[in-house]
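Colleague: model this:
(2 chains)
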Number of protein chains: 2
Amino acid sequence: MSGAGLRVAIAGATGAVGREMVATLELRGIEVSELRPLASARSVGQLVHAFGRDWPVRELTTDAFDGIDIALFSAGGDRSRDFAPAAVAAGAVVIDNSSFYRLDAEVPLVVPEVNAEAIHGHRGIIANPNCSTIQMVLPLEALRRAVGIERVVVSTYQSAAGAGQAGIDELLVVTAAALAGQPLVNKTFARPLAFDALPHIGTFQPSGYSSEEEKMCHETRKIMGLATLPVSATCVRVPVLRGHLESVTVDLCEPLPTEQARAVIAAFPGIVVDDDPASNRYPTARDCVGRLETFVGRIRQDNTLPRTLHFWVVSDNLLKGAAWNAVQIAEYLTQTGRHHAS
Amino acid sequence: MSGAGLRVAIAGATGAVGREMVATLELRGIEVSELRPLASARSVGQLVHAFGRDWPVRELTTDAFDGIDIALFSAGGDRSRDFAPAAVAAGAVVIDNSSFYRLDAEVPLVVPEVNAEAIHGHRGIIANPNCSTIQMVLPLEALRRAVGIERVVVSTYQSAAGAGQAGIDELLVVTAAALAGQPLVNKTFARPLAFDALPHIGTFQPSGYSSEEEKMCHETRKIMGLATLPVSATCVRVPVLRGHLESVTVDLCEPLPTEQARAVIAAFPGIVVDDDPASNRYPTARDCVGRLETFVGRIRQDNTLPRTLHFWVVSDNLLKGAAWNAVQIAEYLTQTGRHHAS
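Modeller: Predicted structure coming up:
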C-alpha cells in the first residue's frame, strides 16, 4: 500500500461481478487511492464512478498493472490465464474469481470464514471459489467442526445472474416473450429459461456430471481440506434473476438433533439462520439479494437417519458468491500486511 | 358397465386436473356412454364438451352418483371425505386424486406400472398418489427390481400447476407485475413466486418437513411396499407453469454403472429416457407438458460411491402426476372387469 490508500485494479470491471466488486469495496469503506477498471478494448472510454470520482476504463493488457497492490479478476478463465501472471510480475496480489487457477496446488482457494489461513501460502494468486460452492461450505464447515461430516448431496437452484448480466438480460427478455406468446430465443442458456428449469450449468464432462457439478465437488474438498469427501451435486438453472438457492443433505459423523444443528450453524461467521417453519420463515432469493451474508433455513434432522441433516442455503451469488468473498480476501490481505506478492 | 360404454363421474370437473381427466379419457379412446361433471354449486350451468356432446355440470352432492361406474375425484381432500363414500354406496368405484385416503390401510395407493396388483384388494376407493411421488417411483421401481434400493434423497422443482389453475394464473400475473416493476401480490403461494424459489409446499409439520415432503416419503414406502425405506424430500416451488422436475439420489444394494442404469430405467413401462449429455439432451418441463410419459435424464453413477445413482425425472404433473394415472387405474378396472365396487 502506498500513501493513504490501496491501489486496486479490477479486470472485468464492466461485468456484473466487476461492478459488484467496486460497490463492495465502497460499501466496506476500504481506502482506495486508485481504482483502475480494466476491460476489453470495446469498453475503453467508459467511466466507473466510485470513491467520489470517475475512473476511466483502461484496456486489460499485460502492462496495465504497474503500481497496483491488489488486482481483482473477474473476466473469465482465459483472461486470468493470460493476464494474472503479468499482474503478479508487476507486484500485485491477484484475487481471481475465474475457475482457471482454483485447483492449482500452488494456489490457495479461499472462503475466509473457512480457511483464511490458506492465504498465508499464496505466491501471488489467490483463487475465489465457485459461487455455489462458497455458500454451501459455510454451513458445512460449521457442522464439520461440531461433529464431522461424511458425505454431501446437493441440488442447486441457480439464478440467471450466474451467467452474468447477459444471463439476467436473457431471462427478462425470454420471460416477456413467453408472456406475450412470442417466439422464445436463447443464446446464453442452452434452452429458453423462462418458466423452465435446466439441469445444465457449464459443460458436460465424461463423468456425466456438468463442469459446475464437478467444481462443487472438487472445490469443496480443497477448501475444507477433505480430499476424499464424497460430494455429489446436481446443478440446475432456474428462472430466478439473482441469488442461488441450494438443497443440501449431509451425512454427519454423529447424530445431531435439529435444534443443536441450528445453533451450530447460527454461531458460524457470515451465516444468518432464517428458519422458523411454524411461522413460514425460510430464506428465498428475494430476501437475500444485496446482502453479504449467507442465509440458512429448513434445517432438519432426517426423518429416518439420525446422522443425516438437511438444510436450504441461499446467498447473493454476485456478492458472497463472487465480489464480496474476493473483497473479504483483500481485506484479510491488507489487515495482515500480505497484500504484496512475496 | 351398462350397454356400450362406461358411465363416469368427475368430481372437480372444472378444475385444472378435472379438465385433464376429461381430455385424457377422450385421448385414450375410452368408450364413455355418460360423462357426469360434478362441481360446486357456483359451477352449475357450465357445460363440459367431450365425446361429441355437451355435458352439463351438476352439483357435487351425495346423491349425484346413481348409475355411475367410475367416479374420478379431484376436488380436494374435504370433498373426497364427504362424498366418496356416497359414490361407493351408489355402486361406483372411486379413484381419488386427493390425499385424504392415501395412507388408509384399506385403500390401495396405486401407480399401475409399479403396483397394479394392489387394485385387486380395493373396497370401493383407490387412491391416486401425490404428483411428485408418482413420477419418482417409476425409475425407483425399475432400479429396485434390478438391484434393490436402500435410500432415497430427492429435491423437487415443482410448477405452479401443482396448485391448480389458481397457481398458474398467479404465477403469470405476478411475473408480469415483476417485469413491469409493479407491486407483487401473492395469495395461492406463501410468497411471490416470480423469479424466486420457495422451499414450501403444503404446510410445515412438527418434524420440520412440509406436508408435501412427508407425502413423498410415506407414499413412496406404501406404493413400493418398502415400509422402512429412508426417503427424504425437499419440495420446492419454482416459477415453472406446468410440469414437475426432480433431482433424485438413490443408494442401491449393488453397484450399477451408468450405462446399465440407463438401460434398466429405459426398459421400464411409462418411462422415456432422454439422456445424452454429450448432445445436451435432458428433459425439461417445456418438453414434457402434454405428454403422458415420465422422462428421465442426467443418469449417472456417483463420482465416489459406486452403489449410488443420480437422475433427473420430469413429468406433466397434471397428467401422469394426476389425471393420466387416475385414468390408467380406470382402464385397468375396465380391462379386468373390476370397475364396480365389490
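
Colleague: relative to chain B, how far out is A:Leu103?
Modeller: From A:Leu103 across to chain B, the span is 15 Å (CB to the nearest CB, to the nearest Å). Quick note: C-beta positions are derived from backbone N, CA and C, even for glycine.

Colleague: quick check, that residue in a helix?
Modeller: No - the assignment for A:Leu103 (DSSP: H, G, I helix; E, B strand; the rest coil) gives coil, which keeps it out of a helix.

Colleague: wait, isn't it in contact with A:His218?
Modeller: Yes - at 5.9 Å, A:Leu103 counts as touching A:His218 under the criterion of CB atoms under 8 Å.

Colleague: who has more neighbours, the two?
Modeller: Of the pair A:Leu103 and A:His218, A:His218 is the one with more neighbours under other CB atoms under 10 Å in any protein chain shown, namely 18 against 15.

Colleague: helix or strand for the more buried one, which one?
Modeller: For A:His218, the element it lies in under DSSP states H and E is helix A:211-224.

Colleague: for that helix, output the C-alpha coordinates as CSV.
Modeller: Taking C-alpha atoms only, helix A:211-224 is exported to CSV below (Å, rounded to 0.1, in the frame of the first residue of the first chain):
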residue,chain,number,x,y,z
SER,A,211,-18.4,-28.8,-15.1
GLU,A,212,-20.4,-26.8,-12.4
GLU,A,213,-21.2,-30.0,-10.6
GLU,A,214,-17.6,-31.2,-10.7
LYS,A,215,-16.5,-27.8,-9.3
MET,A,216,-18.8,-28.2,-6.4
CYS,A,217,-17.2,-31.5,-5.5
HIS,A,218,-13.5,-30.6,-6.1
GLU,A,219,-13.6,-27.1,-4.7
THR,A,220,-15.4,-28.2,-1.6
ARG,A,221,-12.8,-30.9,-1.0
LYS,A,222,-9.9,-28.4,-1.4
ILE,A,223,-11.4,-25.6,0.7
MET,A,224,-12.3,-27.9,3.5
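
Colleague: strands paired with the next helix or strand after it, and their directions?
Modeller: Counting by DSSP H and E, the next helix or strand C-terminal to helix A:211-224 is strand A:231-234. In the sheet, strand A:231-234 lines up against strand A:149-157 (parallel) (DSSP bridges).

Colleague: what's the partner strand in contact with?
Modeller: Contact with strand A:149-157 is made by A:132, A:136, A:140, A:143, A:197, A:201, A:216, A:220, A:226, A:229-236, A:238, A:240, A:244-253, A:307, B:153, B:155, B:157, B:197, B:234, B:236, B:238, B:247, B:249, B:305, as judged by CB atoms under 8 Å, 6 or more residues apart in numbering or on different chains.

Colleague: show me where the stretch 51-200 of chain A has its helices.
Modeller: Assigned helices in the stretch 51-200 of chain A, in chain order: A:77-89, A:112-115, A:131-147, A:164-179 (criterion: DSSP state H, counting those that start in this stretch).

Colleague: among those helices, show me which one is buried the most.
Modeller: Highest mean neighbour count among these (mean count of other CB atoms under 10 Å in any protein chain shown): helix A:131-147, with a mean of 24.

Colleague: now for it, which elements pack on it?
Modeller: Secondary-structure packing of helix A:131-147 (3 or more CB pairs under 8 Å, 6 or more residues apart in numbering or on different chains; DSSP states H and E): helix A:112-115, strand A:149-157, helix A:211-224, strand A:244-252, helix A:258-266, strand A:271-273, strand A:294-301, strand A:308-315.

Colleague: how far off helix A:131-147 does whichever helix or strand comes after the last one point, in degrees?
Modeller: Stepping forward along the backbone from strand A:308-315, the first helix or strand reached (DSSP H and E) is helix A:324-335. Note on geometry: by axes from the mean of the first three to the mean of the last three CA atoms, to 10 degrees, helix A:324-335 and helix A:131-147 are set 70 degrees apart in direction.

Colleague: between helix A:324-335 and strand A:308-315, how big is the angle?
Modeller: Using the same axes, to 10 degrees: helix A:324-335 against strand A:308-315 is 80 degrees.

Colleague: got a list of contacts for stretch A:112-125?
Modeller: Against stretch A:112-125 from outside (CB under 8 Å, 6+ apart): A:84, A:88, A:92-94, A:96, A:101, A:104, A:106-110, A:126, A:137-138, A:141, A:223-225, A:268-270, A:325, A:328-329, A:332-333, A:336, A:338, A:341-342.

Colleague: the closest residue to A:Gln328 other than its chain neighbours and B:Ala127, how far apart?
Modeller: Residue nearest to A:Gln328 in three dimensions, not counting chain neighbours: A:Pro112, with 4.6 Å by CB to CB, 6 or more residues apart in numbering or on different chains. Going from A:Pro112 to B:Ala127 by CB to CB, to the nearest Å gives 52 Å.

Colleague: one more: A:Ala227?
Modeller: As judged by CB to CB, A:Ala227 and B:Ala127 stand 48 Å apart.

Colleague: of these two, which one has the most company?
Modeller: B:Ala127 (30 against 8).

Colleague: surely A:Ile68 meets A:Ala89?
Modeller: No - when contacts are counted by CB under 8 Å, A:Ile68 is not listed as touching A:Ala89 (11.2 Å).

Colleague: where does A:Leu193 fall, phi/psi-wise?
Modeller: phi -80, psi -20 (degrees, to the nearest 10).

Colleague: what's around it, how many residues?
Modeller: A:Leu193: 26 neighbours (other CB under 10 Å).

Colleague: how about A:Ser33?
Modeller: Residues within reach of A:Ser33, counting by other CB under 10 Å, total 14.

Colleague: so it belongs to a strand, correct?
Modeller: Yes - assessed with three-state DSSP, A:Ser33 lies in a strand.

Colleague: what sits against the residue lying closest to it once chain neighbours are set aside?
Modeller: Distances taken as CB to CB, 6+ apart place A:Gly5 nearest to A:Ser33, at 3.1 Å, with adjacent residues excluded. The contact partners of A:Gly5, by CB under 8 Å, 6+ apart, come to A:31-34.

Colleague: ditto for A:Ala278
Modeller: Shown in contact with A:Ala278 (CB under 8 Å, 6+ apart): B:Phe204.

Colleague: pLDDT value on it, please?
Modeller: Looking at A:Ala278, its pLDDT reads 89.

Colleague: let me know whether A:Arg102 touches A:Asn130 as I believe.
Modeller: Yes - judged on CB under 8 Å, A:Arg102 makes contact with A:Asn130 at a distance of 7.5 Å.

Colleague: what about the two, which has more around it?
Modeller: Taking other CB under 10 Å, A:Arg102 and A:Asn130 do not tie; A:Asn130 has more neighbours (29 against 23).

Colleague: separation between the more buried one and B:Val236?
Modeller: According to CB to CB, A:Asn130 and B:Val236 sit 21 Å apart.

Colleague: A:Arg262 too?
Modeller: From A:Arg262 across to B:Val236, the span is 20 Å (CB to CB).

Colleague: quick one, which of those two is more surrounded?
Modeller: A side-by-side neighbour count of A:Arg262 and B:Val236, using other CB under 10 Å, places B:Val236 first with 28 against 21.

Colleague: my guess is that one meets B:Ala197, correct?
Modeller: Yes - taking contacts as CB under 8 Å, B:Val236 lies within contact range of B:Ala197: 5.4 Å.

Colleague: identify the contacts common to these two.
Modeller: Taking CB under 8 Å, 6+ apart as the contact rule, B:Val236 and B:Ala197 both touch A:157, A:245, B:157.

Colleague: if you rank those residues by neighbours, which is first?
Modeller: Within the shared contacts of B:Val236 and B:Ala197, most neighbours by other CB under 10 Å means A:Leu245, with 31 neighbours.

Colleague: list the beta-bridge partners for A:Arg36.
Modeller: Note on A:Arg36: beta-bridge partners A:Ala9, judged by DSSP bridges.
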